[in-house]
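Trainee: pasting a predicted model and its sequence here:
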Amino acid sequence: MHILILGAGIAGAACALTLQRQGHRITVLERQQVPDTMGGGVVLWPNASRVLEQMGLLAAVAAKGGTPVQMRWLDRHGELLNALDIGQLDHAMGQASHAILRRDLQAILLDQLQELGVEVQYGRQVVSLSHAADQQARVHLLDGQVLQADLILGAEGRMRSSARQFVLGADHPPRYQGFLNWVGITQIPADQPPLFDAMAIHDYWGQGLRFGIVPVSSHSFYWAGAQTALTPPQSAPPDLQTHLLDLFGGWPDPVRRVVQHSQPQAIRQIAIHDHDPLDCWHRSNVLLIGDAAHAALPTSGQGACQALEDAYHLAQCLQDNDLQTALPAFTARRLAKTRQITLQARAAAQALLNTDEHACRQRDERARHADTRHIVAEMARGWGSDLPLSA
């Protein structure tokens, strides 16, 4: 079967790998001129590690990433509220978690595609999809070329997906969720002391503000700051680094240090959108995957993980069904889990970026008394569902 994949991000590249190994002929189109090297990183929780193991890429990811041991919740003054033992989660799910820069994960996927002889065609911008007389979809490119395939996968991300518009129409646009993110990568000089005493994720909570730092090694980190904003701004401040140092100037020293040591040109501002959960991700021979289908907020911690799970489940569905039944079977497998992740991420964002002082004090107090072992059990149950994990 010829499969045309629109988008070479994590979802598109992972699906290209799993489906090429099944013997399908793969064509991958990417609108960017070169692979995207901007942005921060991701934590690949044990559900993603299981998929990467099956893909034969877990060792490469482990070599490039770090293994976080704790998730620490702190207030904006640096007082520890509580800590979650990631080792307990890893044990419960039977796999280790890995923190890795997004560009490194992307490079691993793309290098493997190259080894398998799958070419990613860059600078190939899709403008629309249409139905032909035979009811199969056609892909229209900016250069005027029209392409077709037995199966078309829309993996163009959450914001500008022609495949999503073809499948769902114009009535389901991305939904702005009321906050901005700034993301960056920091390399602390080797002659300076480490930021932390352990490979622990640090999540600092304020009032309408949040700042998270994830170590990839003792001196390498990716980070994300967030601020409530009722409407997305038309443009970013001209000097994001200075803006963030002013915004988080009174916050704990690790927050200031990671901003100070970031490359200014690599800091990105993002107005955060997600998608309302929907019951159908396919039309004709077009299927949505990754963020084009089920974009959740960054507070889910599961964006990249669910993109990888899509690759695993789609391969299973195509192996066990003909094309006509494989697409609804895939959607049925993925709907409940991704819907829950989307809704939980919205609730988390609402709590973390609340602007009410009293509500923030209550949130912090709940965190102090939270049963982290119960939280770990719930994470393992939810994230491990629908996967053959060996606890």
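Mentor: Arrived safely, thanks for sending.
Trainee: now do the residue nearest the centre of the chain against residue 246, distance only.
Mentor: Nearest to the mean C-alpha position of the chain, by C-alpha atoms, centre = their mean, lies residue 303 at 2.7 Å. Note on residue 303: its distance to residue 246, by C-beta to C-beta, to the nearest Å, is 29 Å. C-betas here are computed from N, CA, C, even on glycine.
Trainee: circling back: ignoring the adjacent residues along the chain, who's closest to the residue nearest to the centre of the chain?
Mentor: Excluding the flanking residues, the one nearest residue 303 by C-beta to C-beta, 6 or more residues apart in numbering is residue 296, at 6.2 Å.
Trainee: and that neighbour, that's in a strand?
Mentor: No. With DSSP: H, G, I helix; E, B strand; the rest coil as the criterion, residue 296 is located in coil rather than a strand.
Trainee: per-residue pLDDT, it?
Mentor: Note on residue 296: pLDDT of 97.
Trainee: and for it, the neighbour number?
Mentor: 25 (other C-beta atoms under 10 Å).
Trainee: do residue 79 as well
Mentor: 12.
Trainee: show me the contacts for it.
Mentor: Residues near residue 79 by C-beta atoms under 8 Å, 6 or more residues apart in numbering: none.
Trainee: picking up where we left off before, distance of the residue nearest to residue 303 relative to residue 40?
Mentor: 16 Å.
Trainee: cool, and residue 324?
Mentor: 40 Å.
Trainee: settle it for me: which of the two has more neighbours?
Mentor: residue 40 (23 against 9).
Trainee: confidence score at the more buried one?
Mentor: 93.
Trainee: quick one: it and residue 223 touch, right?
Mentor: Yes. If you go by C-beta atoms under 8 Å, residue 40 and residue 223 touch, sitting 6.6 Å apart.
Trainee: find the residues that touch each one of those two.
Mentor: Common neighbours of residue 40 and residue 223 (C-beta under 8 Å, 6+ apart) are 183, 184, 185, 214.
Trainee: CA-only coordinates of the helix or strand containing residue 183 in PDB, if you can.
Mentor: When elements are defined using DSSP states H and E, residue 183 is found to belong to strand 175-187. Extracted in PDB, the C-alpha atoms of strand 175-187 (Å, rounded to 0.1, in the frame of the first residue of the first chain):
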ATOM      1  CA  ARG A 175      -8.800  26.500  20.700                       C
ATOM      2  CA  TYR A 176      -6.800  29.100  22.500                       C
ATOM      3  CA  GLN A 177      -6.600  28.200  26.200                       C
ATOM      4  CA  GLY A 178      -5.700  31.500  27.700                       C
ATOM      5  CA  PHE A 179      -1.900  31.300  28.300                       C
ATOM      6  CA  LEU A 180       1.500  31.800  26.700                       C
ATOM      7  CA  ASN A 181       4.500  29.500  26.800                       C
ATOM      8  CA  TRP A 182       8.100  30.400  26.400                       C
ATOM      9  CA  VAL A 183      10.500  27.500  25.700                       C
ATOM     10  CA  GLY A 184      14.200  27.300  25.600                       C
ATOM     11  CA  ILE A 185      17.300  25.100  26.100                       C
ATOM     12  CA  THR A 186      20.100  25.900  28.500                       C
ATOM     13  CA  GLN A 187      23.700  24.600  28.800                       C
END
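Trainee: after it, which helix or strand is next?
Mentor: strand 200-205.
Trainee: direction included, what does that next one pair against?
Mentor: Strand 200-205 has these partner strands in its sheet, going by DSSP bridges: strand 70-75 (parallel), strand 209-215 (antiparallel).
Trainee: all helices of the stretch 1-150 of the chain, in order?
Mentor: In the stretch 1-150 of the chain, the segments counted as helices under DSSP state H, counting those that start in this stretch are 10-21, 46-55, 58-64, 86-93, 102-115.
Trainee: quick one: distance of the shortest one to the chain centre.
Mentor: Per C-alpha atoms, centre = their mean, to the nearest Å, the displacement of helix 58-64 from the mean C-alpha position of its chain is 18 Å.
Trainee: could you export the helices of the stretch 1-150 of the chain as CSV, including distance to residue 160, mean neighbour count and mean pLDDT?
Mentor: Shown next, in CSV, are the helices of the stretch 1-150 of the chain (distance: least, C-beta to C-beta, whole Å; neighbours: other C-beta atoms under 10 Å; pLDDT from 0 to 100):
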stretch, distance to residue 160, mean neighbour count, mean pLDDT
helix 10-21, 14, 25, 98
helix 46-55, 25, 23, 97
helix 58-64, 28, 16, 98
helix 86-93, 34, 20, 98
helix 102-115, 19, 18, 96
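Trainee: with distance to residue 285 added, can I get the ones you listed in a markdown table?
Mentor: Listed next are the helices of the stretch 1-150 of the chain as a markdown table, based on distance: least, C-beta to C-beta, whole Å:
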| stretch | distance to residue 285 |
| --- | --- |
| helix 10-21 | 14 |
| helix 46-55 | 25 |
| helix 58-64 | 32 |
| helix 86-93 | 35 |
| helix 102-115 | 22 |
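Trainee: which one of the ones you listed lies nearest to residue 205?
Mentor: Nearest of these to residue 205, taken as C-beta to C-beta: helix 86-93 at 18.7 Å.
Trainee: who's in contact with that closest one?
Mentor: 45-47, 50, 68-71, 96-97, 201, 373, 376-377, 379-380, 383-384, 389, 391.
Trainee: what does the pLDDT read for the nearest residue to residue 129 once chain neighbours are set aside?
Mentor: Closest residue to residue 129 apart from its sequence neighbours, by C-beta to C-beta, 6+ apart: residue 166 at 3.8 Å. pLDDT recorded at residue 166 is 97.
Trainee: now for the helix or strand where residue 166 lies, which elements pack on it?
Mentor: Using DSSP H and E, residue 166 sits within helix 162-168. Other elements packing on helix 162-168 under the criterion 3 or more C-beta pairs under 8 Å, 6 or more residues apart in numbering; DSSP states H and E are strand 126-131, strand 151-154, strand 282-283, strand 286-288, helix 291-294.
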